[in-house]
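Trainee: Quick one: sequence plus predicted model below, questions after.
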Amino acid sequence: MVTISLDEYGEFEKNENKPLFIAGLIFDDLDKDDEVLAERARIKSYYKKAISDVENTLVESGEYTGSELMYPRDLHSNGNRDRDRNVIKPVKLKISETLSEFIEYGTYNQNPLKGEDDKELPKRKGMYHLFVIIKSADGKKKLLSENAGMLANDEWAANRYFHMASTVVNRLIFHNPLYPDGHASSINIDIATRATGSTRFMDPELRQQFEEQAYSDNIYNQNSDYGYYKIMTPDIYRTLIAQEMVSSDKINVKIDKLNVSSIKYNANRENMEFLYLSDSICSVLGYRLYRYNTCADDWLEDIVDRVKQLNPQNEKYGIWI
């Protein structure tokens with residue numbers, strides 16, 4: 001069984017000269033029983049160890065007086081600038097320093113990882129492949145044509161993300177050279193949903209495009225005036241996969257589990273491990289790309305190098321533009 005997980009990097013609804021890509025992982029359990037469950041435990045243990053080491057360093061420095069660091073909360077920003085600087089930045093740095101070893105070997109600082117019971121977790125039997133789809137300088141020209149309607153034009157509303165996400169999902173599941181027909185016994189899919197930021201602060205022209213495409217304005221909760229548009233939902237991904245299954249005549253592809261959910265960083269969320277790992281992969285691949293270079297060709301070259309550094313012993317990866 002293979003597990004596919006993806007996340008994204010960049011602001012897809014803006015036309016800026018900055019890198020935009022969708023990236024993630026394929027974890028192949030090599031048909032070993034309970035290997036996916038064991039890998040989820042390894043991911044969780046890896047992050048806990050990295051966060052613990054960061055906390056110890058901060059406490060020893062005497063410069064940190066905040067609350068205890070926690071997994072998974074301190075993997076991600078909540079918008080607090082002080083916390084971003086004092087906690088999130090060193091955590092992300094520690095992950096960038098150790099992620100390659102974990103992806104290759106399932107270890108941390110060359111030591112086996114331990115489970116919740118403090119017992120050593122079994123040695124990894126499966127393996128990882130990484131993938132990236134990056135927006136080229138020109139994008140898909142036929143989708144940028146002045147004749148393209150609002151439902152097709154790449155620069156309308158959330159079309160660009162929709163086109164790229166549907167492309168990468170279909171390639172990974174139905175047109176993956178690593179897994180020709182019948183090779184993967186079954187597929188697990190862990191994908192993050194996607195939504196816009198607050199509609200209150202959205203560019204008026206962009207908001208009009210969403211309205212013309214009949215997007216519904218959603219409210220975060222009953223006590224909030226935070227409105228947003230849902231871009232990629234479980235229903236959309238399910239429809240895309242089913243449509244490609246029929247149109248490509250690959251109805252025998254077995255989707256064992258389809259998990260499409262928002263990435264949450266609170267302690268009571270389960271089955272988020274591969275999504276956290278995809279998020280980390282995107283962060284490492286995208287770190288300061290646009291500060292060093294200014295065009296897609298250079299970004300692509302840097303991303304290829306970073307993928308190789310993350311998983312040097314496995315040359316089977318996918319890079320698409």
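Mentor: Received, thanks.
Trainee: Do a quick rundown of the helices in the stretch 151-300 of the chain.
Mentor: Under the criterion DSSP state H, counting those that start in this stretch, helices of the stretch 151-300 of the chain are mapped to 159-174, 204-212, 234-247, 273-286, 289-292, 296-310.
Trainee: what's the angle between the second one and helix 159-174?
Mentor: Between the axes of helix 204-212 and helix 159-174, defined by axes from the mean of the first three to the mean of the last three CA atoms, to 10 degrees, the angle is 60 degrees.
Trainee: which residues sit against helix 204-212?
Mentor: Outside of helix 204-212, the residues within contact range by CB atoms under 8 Å, 6 or more residues apart in numbering are 13, 150, 156-158, 196, 199, 202, 229. Placement of C-beta: from N, CA and C, glycine included.
Trainee: how about 10 Å then?
Mentor: By CB atoms under 10 Å, 6 or more residues apart in numbering, the surrounding residues in contact with helix 204-212 are 13-15, 150-151, 153, 155-159, 196, 199-203, 215-217, 227, 229, 231.
Trainee: Run the chain-centre distance for that helix.
Mentor: For helix 204-212, the distance from its own C-alpha centre to the chain's C-alpha centre is 26 Å (CA atoms, centre = their mean, to the nearest Å).
Trainee: just to revisit the earlier point, please pick the buried ones from the contacts of helix 204-212.
Mentor: 13, 153, 156-159, 196, 199, 202, 215, 227, 229, 231 (16 or more other CB atoms under 10 Å).
Trainee: now, among the residues you listed, which is nearest to residue 287?
Mentor: Sorting the buried ones among the contacts of helix 204-212 by how near they are to residue 287, with CB to CB, puts residue 13 at the top with 21.7 Å.
Trainee: So that closest one versus residue 20, what's the distance?
Mentor: Taking CB to CB, to the nearest Å as the measure, residue 13 falls 10 Å from residue 20.
Trainee: Find the residues that touch each one of those two.
Mentor: Each of 160-161 lies in contact with both residue 13 and residue 20 under the rule CB under 10 Å, 6+ apart.
Trainee: Can I get stretch 307-321 in CSV, CA atoms only?
Mentor: Output in CSV follows, covering the C-alpha atoms of stretch 307-321 (Å, rounded to 0.1, in the frame of the first residue of the first chain):
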residue,chain,number,x,y,z
VAL,A,307,14.7,17.2,-3.0
LYS,A,308,18.0,15.3,-3.6
GLN,A,309,19.3,16.6,-0.3
LEU,A,310,16.2,15.5,1.5
ASN,A,311,16.2,12.0,0.1
PRO,A,312,19.6,11.4,-1.4
GLN,A,313,19.5,7.6,-1.4
ASN,A,314,16.3,7.5,-3.4
GLU,A,315,16.6,8.9,-6.9
LYS,A,316,12.9,8.2,-7.7
TYR,A,317,11.1,11.5,-7.3
GLY,A,318,8.8,13.6,-9.5
ILE,A,319,9.3,17.2,-10.6
TRP,A,320,6.7,18.7,-12.9
ILE,A,321,6.1,22.2,-14.2
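Trainee: Can you give me the buried ones in it?
Mentor: In terms of neighbour count (16+ other CB under 10 Å), stretch 307-321 has its buried residues at 307, 310-311, 317-318, 321.
Trainee: how about the strands in the stretch 1-150 of the chain?
Mentor: Counting by DSSP state E, counting those that start in this stretch, the stretch 1-150 of the chain has strands at residues 2-9, 21-28, 107-108, 111-112, 127-134.
Trainee: Is it possible to get JSON lines of the ones you listed that adds distance to residue 188 and mean neighbour count?
Mentor: Written out in JSON lines, the entries for the strands of the stretch 1-150 of the chain read as follows (distance: least, CB to CB, whole Å; neighbours: other CB atoms under 10 Å):
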{"stretch": "strand 2-9", "distance to residue 188": "4", "mean neighbour count": "24"}
{"stretch": "strand 21-28", "distance to residue 188": "9", "mean neighbour count": "25"}
{"stretch": "strand 107-108", "distance to residue 188": "23", "mean neighbour count": "19"}
{"stretch": "strand 111-112", "distance to residue 188": "25", "mean neighbour count": "12"}
{"stretch": "strand 127-134", "distance to residue 188": "14", "mean neighbour count": "22"}
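Trainee: That's all I had, so thanks and see you.
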